[in-house]
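**Student:** no FASTA, just this:
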């Protein structure tokens, strides 16, 4: 397969970094018709592939995409001579000349970065008229800029199913007249659970990408933390909002040490802790303290407490794994899930030995939600290898390799498989 062209690389990078901003600007121009806004952005992207390949990548590619996207909306508006159902949705801004100045484009993008603009995009995607799974999918697509395949992998469903889910969600927002606005503070708590779930999924995709050549997609982590901070400003006494922000900050503090110079995955125990962001750790600890003052800890606050134990350990050997394992047990009672039990099993393995962890992993074999994920066989292979059960470890590692979608994790598993097959080499 030929390598991607410079134009394709530049387009992919620009959309990854600025997707939410572009959608916020175009969504405002269509008064929240996300189908129209995304269609315009997709048309602009197709035009970019052609023109950037012939003429070179422009100095301000995000400005170029916004200008062309707005022009596509303008053209559609002009063709609607009979003022079909889409025409009233386009604002008077589209009556401006088709070539707004760089200053005007910069102003549009600046306007789209203020909290209300992206937050109203987020609230539209997380509207309670949508099922939670639809809110997650739509926000990952429209705000996070993930591909349908990436979202399907993250949500453990088939890509065609996810594509239909996203299309139905956008249509429901348009046809139901979901307001493109930030709800009053009194109504915001009703949406908080869905918004937080979405933000953490976006962060998770950035922190441990479900597919592709990169283990970490920092732009998604940054966006999730930024949106989490906006929510915390709006709801400063909501302990779980603060807990989520604390969790993301504490994990994000380790982001730059999770891969080596070649993009390979670096496990937690091997990371250079001197390179962890002390600023983010302090901010995360302070936010965790504020969350704990708001009442009994919820699931996000408990996860933040687990992350804080790692953050306090100056060396890997200083980690209090028994405390972490106990916190996972509490978390599983507060918010039961197979992933929590899997992580808890690994923590107990670190606290008591690999046999203890394996006993806790075995019941998870019957969990349907883990059948498409590589995480369970990968964890099992690591513990079996520690016990010198090389044949079983190799089989589990091979199973994990058949499921993994991320290139750095694949390389790590391939190296482990060699250890299993050729012990002592």
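**Tutor:** Alright, I've got the coordinates. Treat the numbers as computed from the prediction; the structure is a model and nothing was measured. Numbers count the residues shown, from 1 in each chain.
**Student:** Test my guess that residue 405 contacts residue 154.
**Tutor:** No - the criterion here is C-beta atoms under 8 Å, and residue 405 misses it with residue 154 at 9.5 Å. Where C-beta positions appear, they are placed from N, C-alpha and C, glycine not excepted.
**Student:** neighbour count winner among these two?
**Tutor:** residue 154 (23 against 17; other C-beta atoms under 10 Å).
**Student:** for stretch 222-231, which positions count as buried?
**Tutor:** Of the residues in stretch 222-231, those buried by neighbour count under the rule 16 or more other C-beta atoms under 10 Å are 222, 223, 224, 225, 227, 228, 229, 230, 231.
**Student:** Skipping adjacent residues, who's closest to residue 231 in space?
**Tutor:** Leaving out its chain neighbours, the residue that sits closest to residue 231 by C-beta to C-beta, 6 or more residues apart in numbering is residue 241, at 5.1 Å.
**Student:** What average pLDDT does the helix or strand encompassing that neighbour get?
**Tutor:** Here residue 241 is covered by helix 239-252, with elements defined by DSSP states H and E. For helix 239-252, the mean pLDDT works out to 97.
**Student:** what's downstream of that helix, the next helix or strand?
**Tutor:** Next along from helix 239-252, by DSSP H and E: helix 278-292.
**Student:** Now do that following helix: which elements does it pack against?
**Tutor:** helix 239-252, helix 299-312 (3 or more C-beta pairs under 8 Å, 6 or more residues apart in numbering; DSSP states H and E).
**Student:** Indicate which one of those is closest to residue 6.
**Tutor:** Of all the helices and strands packed on helix 278-292, helix 239-252 sits nearest to residue 6, with 30.2 Å by C-beta to C-beta.
**Student:** Tell me which other helices or strands that closest one touches.
**Tutor:** helix 189-207, helix 218-234, helix 278-292, helix 299-312.
**Student:** any idea how far residue 372 lies from residue 159?
**Tutor:** Going from residue 372 to residue 159 by C-beta to C-beta, to the nearest Å gives 12 Å.
**Student:** ah, wrong one, I meant residue 321
**Tutor:** In terms of C-beta to C-beta, residue 321 sits 38 Å off from residue 159.
**Student:** repeat for residue 281
**Tutor:** From residue 281 over to residue 159 (counting by C-beta to C-beta), the distance is 37 Å.
**Student:** Which one's more surrounded, the two?
**Tutor:** Each of residue 281 and residue 159 has its neighbours counted (other C-beta under 10 Å); residue 281 has more, 20 against 14.
**Student:** wait, isn't the more buried one in contact with residue 250?
**Tutor:** Yes - at 6.4 Å, residue 281 counts as touching residue 250 under the criterion of C-beta under 8 Å.
**Student:** pretty sure residue 5 contacts residue 50?
**Tutor:** No - judged on C-beta under 8 Å, residue 5 makes no contact with residue 50 at a distance of 11.0 Å.
**Student:** what about the helix or strand where residue 170 lies, average pLDDT?
**Tutor:** With secondary structure defined by DSSP H and E, residue 170 is part of helix 159-175. Per-region confidence: helix 159-175 scores 89 on mean pLDDT.
**Student:** again with stretch 47-54
**Tutor:** 92.
**Student:** Report how many residues lie close to the spatially closest residue to residue 409 that is not a sequence neighbour.
**Tutor:** Spatial nearest neighbour of residue 409, excluding adjacent residues (C-beta to C-beta, 6+ apart): residue 265 at 5.8 Å. Using other C-beta under 10 Å, residue 265 has 20 neighbouring residues.
**Student:** So residue 265 versus residue 410, what's the distance?
**Tutor:** 9 Å.
**Student:** hmm, back to that, from residue 256, how far out is the residue nearest to residue 409?
**Tutor:** For residue 265, the distance to residue 256 - C-beta to C-beta - is 13 Å.
**Student:** cool, residue 68 as well?
**Tutor:** 34 Å.
**Student:** Compare the two (neighbour count), which wins?
**Tutor:** Per other C-beta under 10 Å, whichever of residue 68 and residue 256 has more neighbours is residue 68, with 20 against 14.
**Student:** Can you name the residues that contact that one?
**Tutor:** By C-beta atoms under 8 Å, 6 or more residues apart in numbering, the contact list for residue 68 reads 43, 44, 47, 48.
**Student:** so what's the last one up against?
**Tutor:** Which is residue 48. Residue 48 neighbours (C-beta under 8 Å, 6+ apart): 7, 11, 61, 64, 65, 68.
**Student:** Which helix or which strand is home to the first one?
**Tutor:** Assigned by DSSP H and E, residue 7 belongs to helix 6-29.
**Student:** May I see the buried residues of the helix or strand following that helix?
**Tutor:** Sequence order places helix 34-55 as the next helix or strand after helix 6-29, per DSSP H and E. Neighbour-count burial for helix 34-55 flags 34, 36-41, 43-45, 47-48, 52 (criterion: 16+ other C-beta under 10 Å).
**Student:** Tell me the one of these nearest residue 178?
**Tutor:** residue 34 (9.3 Å).
**Student:** Next one, pLDDT for the closest one please.
**Tutor:** 82.
**Student:** thought it was touching residue 122?
**Tutor:** No - assessed by C-beta under 8 Å, residue 34 is found out of contact with residue 122, at 11.9 Å.
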